[in-house]
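Student: My questions concern the predicted model and sequence given below.
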Protein chains: 2
Amino acid sequence: MPSEIRVYGLDGVPEVRPGDDLVSILVDALTASGLILEASDVLVVTHKIVSKAEGRLVDLATIEPSAFARDWAAQHEKDPRQVEVVLREATRIVRMSRGIMICETRHGLVCANAGVDASNVPGDSVVCLLPLDPDASAAHIRDGLRQRLGVAPAVIISDSFGRAWRKGIVNVAIGVAGMHPFADYRGVTDPYGYDLSVSGMAVADELDATAELLAGKTDARPVALIRGYAYPAGEGTARDIVMEPERDLFR
Amino acid sequence: MPSEIRVYGLDGVPEVRPGDDLVSILVDALTASGLILEASDVLVVTHKIVSKAEGRLVDLATIEPSAFARDWAAQHEKDPRQVEVVLREATRIVRMSRGIMICETRHGLVCANAGVDASNVPGDSVVCLLPLDPDASAAHIRDGLRQRLGVAPAVIISDSFGRAWRKGIVNVAIGVAGMHPFADYRGVTDPYGYDLSVSGMAVADELDATAELLAGKTDARPVALIRGYAYPAGEGTARDIVMEPERDLFR
């Protein structure tokens, strides 16, 4: 039989609220699925439920927009309060054109609207922010699973970003624990002796993309378990994936 | 049991040579795997074996580098003949800095070195180019499988590209047949009534990334079969994923 990877989407994850014990929710979902968690598994968690549990929600009714936010919102038919939240979450603006605001966040991520998102959030005027420290959130989940189930899988927290030059959005890893985010090809050559050490497949991002196939945009399945992939174990972070601005040709 | 996707990496694909019948090679690999191909499957094929079968190989010994190629190569310790090939494969240069040449190809793809690659190619001075028309190559494979096996899965041809703002490379779809490259969320709202129609997950790229988890950088498994993912059937192309230059904020 061929080499095989299995991707499971966990059902029955309830609407998560601020203060919820996310580890307990994950343990319950795993139990209900009938899957026995293994250390060699990769657990991919949509950032939205992490942000919700961590209370990273803002009621726009509490926001007083700045003049800059009001001006941009008026030009592009946006909610000025939401624009204000985006500005507050951005450390700098990478591109601001044609109604699109691409920002750099405190985590070094480059994405539209600094990751501020109104979808899949209860309440007409509530938006969801990125977790403050998604790498720490991933580590917290991993530690919690080790305590509760005696098993520490790799944990990735995902979000969906647009990208340069290509339409549509794909999932990327914004938080990582228990694995290196890149496949390690140091010392590896191809069958013809060609040195592949600089290749660096960003496997954390690829695992995220894999998980999204089951998640569905309505976040019906915000947790996926990937089994059969020999992830590069270690103490990596999603911050490792961010290109340093001085090296980035597109900042 | 939870929702499940299975990803199979097909073993035993031989070194492909110009003129080889790629459909026959794929049929043999599927047969050897014991998998019975289904129309609901997605077959992901590394572009390298498509290029090899199509003879998209260049012996650098036949290349006379231009002055521009020699100059750039001298500055950055590169093979001027390979630089010349890159220039010939590029329709324009997007960034040329710090020894890195990011080009736009005839397909509208934006990638380093216009996709010209020396790895996994037999011969000291042979490089591999992208297929001339990867969408057509994908359609050819799909039609061939329909003729030989009576089944037409979705077919994606993949390559590994770097991206702006993030380190490492990930697989993207450079050729597509039998499916729309984006998940269709028109008319879909989240549980709170929020319209998700603009979301556009680039599922063809995500399926590629999934397949790469099994491929391995040495291309030991250049063909993957993804089963259980309800891909959006249709007449899409990888060209649909390319952002039009006039809309792209990073060209």
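Tutor: Arrived safely.

Student: Which strands or helices does the longest strand seen in chain A pack on?
Tutor: Using DSSP state E, we find that the single longest strand of chain A is strand A:166-177. Judged by 3 or more Cβ pairs under 8 Å, 6 or more residues apart in numbering or on different chains; DSSP states H and E, strand A:166-177 is in contact with helix A:47-53, helix A:134-149, strand A:154-163, helix A:203-215, helix B:203-215. Using the backbone N, CA and C atoms, a C-beta is placed for each residue, glycine as well.

Student: Just send those back as a markdown table, with mean neighbour count and mean pLDDT too.
Tutor: Output for the helices and strands packed on strand A:166-177, formatted as a markdown table (neighbours: other Cβ atoms under 10 Å in any protein chain shown; pLDDT from 0 to 100):
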| stretch | mean neighbour count | mean pLDDT |
| --- | --- | --- |
| helix A:47-53 | 24 | 96 |
| helix A:134-149 | 20 | 98 |
| strand A:154-163 | 26 | 94 |
| helix A:203-215 | 29 | 91 |
| helix B:203-215 | 29 | 91 |
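
Student: Any idea which of these gets closest to residue A:98?
Tutor: In terms of Cβ to Cβ, the element of the helices and strands packed on strand A:166-177 nearest to residue A:98 is strand A:154-163, at 13.0 Å.

Student: Compute the inter-axis angle for the closest one and helix B:203-215.
Tutor: Following axes from the mean of the first three to the mean of the last three Cα atoms, to 10 degrees, one obtains 140 degrees for the angle between strand A:154-163 and helix B:203-215.

Student: Could you export strand A:154-163 as CSV, CA atoms only?
Tutor: Only the C-alpha atoms of strand A:154-163 are listed here, as CSV (Å, rounded to 0.1, in the frame of the first residue of the first chain):
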residue,chain,number,x,y,z
ALA,A,154,2.7,19.3,17.3
VAL,A,155,0.2,22.2,17.4
ILE,A,156,-0.3,24.8,14.7
ILE,A,157,-2.6,27.8,14.9
SER,A,158,-3.8,28.9,11.5
ASP,A,159,-5.3,31.9,9.7
SER,A,160,-6.3,32.6,6.1
PHE,A,161,-4.3,35.2,4.3
GLY,A,162,-4.2,36.6,0.8
ARG,A,163,-0.8,36.6,-0.9
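
Student: What strands line up against that strand, and which way round?
Tutor: Using DSSP bridges, strand A:154-163 pairs in its sheet with strand A:42-46 (parallel), strand A:166-177 (antiparallel).

Student: how about the last one: buried residues?
Tutor: So the one you mean is strand A:166-177. A:166, A:167, A:168, A:169, A:170, A:171, A:172, A:173, A:174, A:175, A:176, A:177 (16 or more other Cβ atoms under 10 Å in any protein chain shown).

Student: one step back: reformat the strands paired with strand A:154-163 as TSV; add mean pLDDT and distance to residue A:120.
Tutor: Formatted as TSV, the strands paired with strand A:154-163 follow (pLDDT from 0 to 100; distance: least, Cβ to Cβ, whole Å):
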stretch	mean pLDDT	distance to residue A:120
strand A:42-46	97	9
strand A:166-177	94	14
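
Student: contacting residues for residue A:134?
Tutor: Neighbour list for residue A:134: A:47, A:50, A:107, A:157, A:174, A:175, A:238 [criterion: Cβ atoms under 8 Å, 6 or more residues apart in numbering or on different chains].

Student: repeat that for 6 Å
Tutor: Counting by Cβ atoms under 6 Å, 6 or more residues apart in numbering or on different chains, residue A:134 touches A:157, A:174, A:175.

Student: so what's residue A:75 closest to, chain neighbours aside?
Tutor: If the residues on either side of it in the chain are set aside, residue A:75 comes closest to residue A:99, at 7.7 Å by Cβ to Cβ, 6 or more residues apart in numbering or on different chains.

Student: Same check on residue A:106?
Tutor: residue A:91 (5.6 Å).

Student: closest to residue A:148 out of the strands paired with strand A:154-163?
Tutor: strand A:42-46 (12.8 Å).

Student: ok, residues contacting that closest one?
Tutor: For strand A:42-46, contacts defined as Cβ under 6 Å, 6+ apart pick out A:153-158, A:207-208, A:211, A:219, A:222-226, A:231.

Student: Please apply the same query to stretch A:31-38.
Tutor: Outside stretch A:31-38, the residues touching it (Cβ under 6 Å, 6+ apart) are A:10, A:12, A:30, A:149, A:151, B:2.

Student: before we move on, the earlier item: could you export the strands paired with strand A:154-163 as a markdown table, including distance to residue B:129?
Tutor: Formatted as a markdown table, the strands paired with strand A:154-163 follow (distance: least, Cβ to Cβ, whole Å):
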| stretch | distance to residue B:129 |
| --- | --- |
| strand A:42-46 | 34 |
| strand A:166-177 | 21 |
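
Student: quick one: the helices in the stretch 1-150 of chain A?
Tutor: Assigned helices in the stretch 1-150 of chain A, in chain order: A:22-33, A:47-53, A:67-76, A:80-89, A:134-149 (criterion: DSSP state H, counting those that start in this stretch).

Student: contacting residues for the closest residue to residue A:239 other than its chain neighbours?
Tutor: Nearest non-adjacent residue to residue A:239, counting by Cβ to Cβ, 6+ apart: residue A:135, 6.0 Å away. Listed by Cβ under 6 Å, 6+ apart, the contact partners of residue A:135 are A:175, A:237, A:238, A:239.

Student: give me that answer again for 7 Å
Tutor: Residues in contact with residue A:135 (Cβ atoms under 7 Å, 6 or more residues apart in numbering or on different chains) are A:175, A:176, A:177, A:237, A:238, A:239.
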